[in-house]
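Enquirer: Test case, fold it:
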Amino acid sequence: MSKPFKTLDDLGDIQGRRVLVREDLNVPMADGQVTDDTRLRATLATVTELADRGAIVLVLAHFGRPGGQRNPEMSLALVTRPYAQVLGRPVRFIDWDGAEDAVATMQPGEIAVMENTRFFAGEETNDPELVARIAAVGDAYVNDAFSAAHRAHASTEGLARALPAYAGRAMEAELDALEKALGNPDHPVAAVVGGAKVSSKLDVLKHLVTRVDHLIIGGGMANTFLAARGIDVGKSLCEHELAATCEEIMTAADGANCTVHLPYDVVVATEFRADPPTRTVNVHEVAADEMILDVGPAAVEALGDVLKNCRTLVWNGPLGAFETPPFDTATVALAKTAAALTRDGSLVSVAGGGDTVAALNHAGVAGDFTFVSTAGGAFLEWMEGKTLPGVAALYR
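Expert: The predicted structure follows:
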């Protein structure tokens with residue numbers, strides 16, 4: 001079945017052709033070492049396929065926030081050797097000064113990392129002159145960096161307009177998963193939305209109530225919804241000023257036949273630290289000096305039953321303060337239920353966002369979900385129903 005965007009399958013013969021590949025190499029480093037190579041490994045499928053097909057592979061990426069200035073501490077030269085180790089093949093580094101001459105010396109199948117695109121002031125403004133300068137060293141463009149696709153930058157959007165443009169394998173997998181999750185999903189659809197603040201996910205919640213059948217709200221956000229319903233949440237993290245907004249979202253959900261699930265039992269403590277004395281109580285029994293730090297076991301069991309009746313799940317954000325035990329219990333339990341249903345083939349599960357990835361890894365189930373997106377801002381904007389410029393530019 002043909003896809004609405006072009007993929008590497010549409011590239012044709014690329015022997016000896018120069019392919020500019022936008023990847024996300026923005027990895028954490030300490031003392032010259034990469035401390036988490038997840039993003040480097042995510043590029044393997046695309047970069048090795050292009051090289052094996054005889055392309056001259058020119059990897060484009062940003063590193064840090066140099067603000068359009070050269071900064072040796074943010075040079076992609078620092079990432080080139082660790083990247084070569086991950087790829088298991090040689091990788092050259094090419095500065096933009098003299099780039100055309102350097103690229104001209106490359107042989108089919110060779111790979112180079114180009115210097116940080118954000119060293120150019122025109123990268124973040126999508127400057128046409130910069131787009132033309134980068135495009136001059138390539139014959140085709142592949143975007144494989146969904147995590148940067150919500151930015152209309154020269155290397156994410158401009159190049160896709162200037163050269164024949166294709167989605168890389170990681171981008172293709174991401175777009176396929178997102179289409180299954182919210183674009184054209186099997187219903188019933190459930191969404192888990194957690195995290196500290198309603199204010200950071202207002203647009204997500206407003207969009208989701210029109211697209212899903214069950215909206216499960218956890219984390220500090222749930223406290224704000226409970227308070228909006230007139231429940232005393234004690235000392236819990238809560239945005240009381242958003243009560244009217246929460247009511248609007250609940251009303252919109254009613255109108256769209258979306259059931260909103262708030263916890264009815266919760267785990268509370270009088271101090272927020274690892275392993276303090278806790279109580280599990282009905283939400284109406286939270287004392288004035290207590291704070292809600294996790295969803296209770298009865299609510300988690302009921303939420304598991306909801307997932308058993310769903311075909312699709314979108315997950316963004318933990319249910320409790322999962323970094324601090326024992327307030328990881330609800331997130332781990334529901335994640336394990338979702339993973340089991342996915343393994344059984346009854347649920348398509350798509351999760352994304354930094355805290356979410358950490359929580360699923362902590363639960364030991366990230367590998368069992370249908371798809372886990374490492375993109376943060378881009379995944380959130382997609383959940384808000386926004387058009388991502390770097391993705392839109394790839395559509396036929």
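
Enquirer: C-terminal to the top helix by length along the chain, what's the next element?
Expert: The longest helix of the chain (DSSP state H) is helix 329-344. The first helix or strand that comes after helix 329-344 along the chain, using DSSP states H and E, is strand 348-352.

Enquirer: contacts for that next one?
Expert: Under the contact criterion CB atoms under 8 Å, 6 or more residues apart in numbering, strand 348-352 has outside partners 177-178, 180-181, 185-186, 311-316, 338-339, 341-342, 357, 360, 366, 369-376, 379-380, 383. Bear in mind the C-beta positions are built from the backbone N, C-alpha and C, glycine included.

Enquirer: can you pull the buried residues of the helix or strand that comes right after it?
Expert: Following strand 348-352 in sequence order, the next helix or strand is helix 354-363 (DSSP H and E). Within helix 354-363, the residues scored as buried using 16 or more other CB atoms under 10 Å are 355-357, 359-360, 362-363.

Enquirer: now swap in stretch 264-275 and tell me
Expert: 265-269.

Enquirer: again with stretch 181-197
Expert: Within stretch 181-197, the residues that count as buried by 16+ other CB under 10 Å are 181-182, 185, 188-196.

Enquirer: Among those residues, which has the minimum pLDDT value?
Expert: Across the buried residues of stretch 181-197, the member with the lowest pLDDT is L182, scoring 83.

Enquirer: ok so that residue is a helix residue?
Expert: Yes: checked against DSSP: H, G, I helix; E, B strand; the rest coil, L182 lies within a helix.

Enquirer: tell me the average confidence for the strand or helix carrying A222?
Expert: Assigned by DSSP H and E, A222 belongs to helix 219-228. Regarding helix 219-228, the rounded mean pLDDT is 96.

Enquirer: for the helix or strand just after that helix, which positions count as buried?
Expert: Downstream of helix 219-228, the next assigned helix or strand under DSSP H and E is helix 243-255. Within helix 243-255, the residues that qualify as buried by neighbour count (16+ other CB under 10 Å) are 243, 245-246, 248-250, 253.

Enquirer: quick one, strands of the stretch 251-396 of the chain?
Expert: Along the stretch 251-396 of the chain, counting by DSSP state E, counting those that start in this stretch, strands occupy 259-261, 265-269, 279-282, 291-295, 312-316, 348-352, 371-373.

Enquirer: Just the CA coordinates for the third one, please, in CSV.
Expert: The C-alpha atoms that make up strand 279-282 are tabulated as CSV, following Å, rounded to 0.1, in the frame of the first residue of the first chain:
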residue,chain,number,x,y,z
ARG,A,279,-2.0,6.0,53.2
THR,A,280,-4.3,4.8,50.5
VAL,A,281,-7.5,6.6,50.7
ASN,A,282,-10.7,7.6,48.8
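
Enquirer: related to what we said a few turns ago, closest to V59 out of the buried residues of helix 354-363?
Expert: Each of the buried residues of helix 354-363 was checked against V59 using CB to CB; the closest is V357, at 23.2 Å.

Enquirer: Tell me which residues touch that closest one, please.
Expert: V357 touches 351, 366, 372-374, counting by CB under 8 Å, 6+ apart.

Enquirer: now S236
Expert: 220, 223, 286, 290-293.

Enquirer: Turn these into TSV, columns for distance to D305.
Expert: Formatted as TSV, the contacts of S236 follow (distance: CB to CB, whole Å):
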residue	distance to D305
G220	24
N223	23
V286	24
E290	28
M291	27
I292	22
L293	23
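
Enquirer: Tell me which of those residues has the lowest pLDDT.
Expert: Within those, pLDDT is lowest for G220, at 93.

Enquirer: if I pick that one, what's in contact with it?
Expert: 195-197, 236-238.

Enquirer: Let me have those in TSV, extended by distance to G390.
Expert: Compiled in TSV, these are given as follows (distance: CB to CB, whole Å):
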residue	distance to G390
G195	24
A196	28
K197	27
S236	38
L237	34
C238	36
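
Enquirer: Just the pLDDT for M1.
Expert: 60.

Enquirer: For L182, see how far away G385 is.
Expert: Distance of G385 to L182, given as CB to CB, to the nearest Å: 8 Å.

Enquirer: Measure how buried the closest residue to L182 other than its chain neighbours is and give me the count.
Expert: Nearest residue to L182 in three dimensions, chain neighbours excluded: R211, at 5.6 Å (CB to CB, 6 or more residues apart in numbering). Other residues within reach of R211, judged by other CB atoms under 10 Å, total 19.

Enquirer: With the one 5 residues further on instead?
Expert: For I216, the neighbour count with other CB under 10 Å is 25.

Enquirer: Specify the local secondary structure of it.
Expert: Assignment for I216 (three-state DSSP): strand.

Enquirer: Quick one: residues in contact with stretch 128-136.
Expert: Taking CB under 8 Å, 6+ apart as the rule, stretch 128-136 contacts 20, 60, 96, 100, 117, 120, 122-123, 141, 154-155, 158-159, 161-163.

Enquirer: List only buried entries from the residues you listed.
Expert: Buried among the contacts of stretch 128-136 (16+ other CB under 10 Å): 20, 60, 96, 117, 120, 122-123, 141, 154-155, 158-159, 162-163.

Enquirer: Could you provide those in TSV, with additional columns for distance to I134?
Expert: Converted to TSV, those look like this (distance: CB to CB, whole Å):
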residue	distance to I134
L20	7
L60	7
W96	8
T117	8
F120	9
G122	10
E123	9
Y141	9
A154	7
S155	7
G158	8
L159	6
A162	8
L163	9
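
Enquirer: In helices only, show me these.
Expert: 159, 162.

Enquirer: Could I get the buried ones among the contacts of stretch 128-136 in a markdown table, plus columns for distance to D52 and pLDDT?
Expert: Below are the buried ones among the contacts of stretch 128-136 laid out as a markdown table (distance: CB to CB, whole Å; pLDDT from 0 to 100):
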| residue | distance to D52 | pLDDT |
| --- | --- | --- |
| L20 | 18 | 98 |
| L60 | 20 | 98 |
| W96 | 27 | 96 |
| T117 | 25 | 97 |
| F120 | 30 | 96 |
| G122 | 33 | 96 |
| E123 | 29 | 96 |
| Y141 | 19 | 98 |
| A154 | 28 | 95 |
| S155 | 24 | 96 |
| G158 | 28 | 95 |
| L159 | 23 | 96 |
| A162 | 26 | 96 |
| L163 | 21 | 96 |
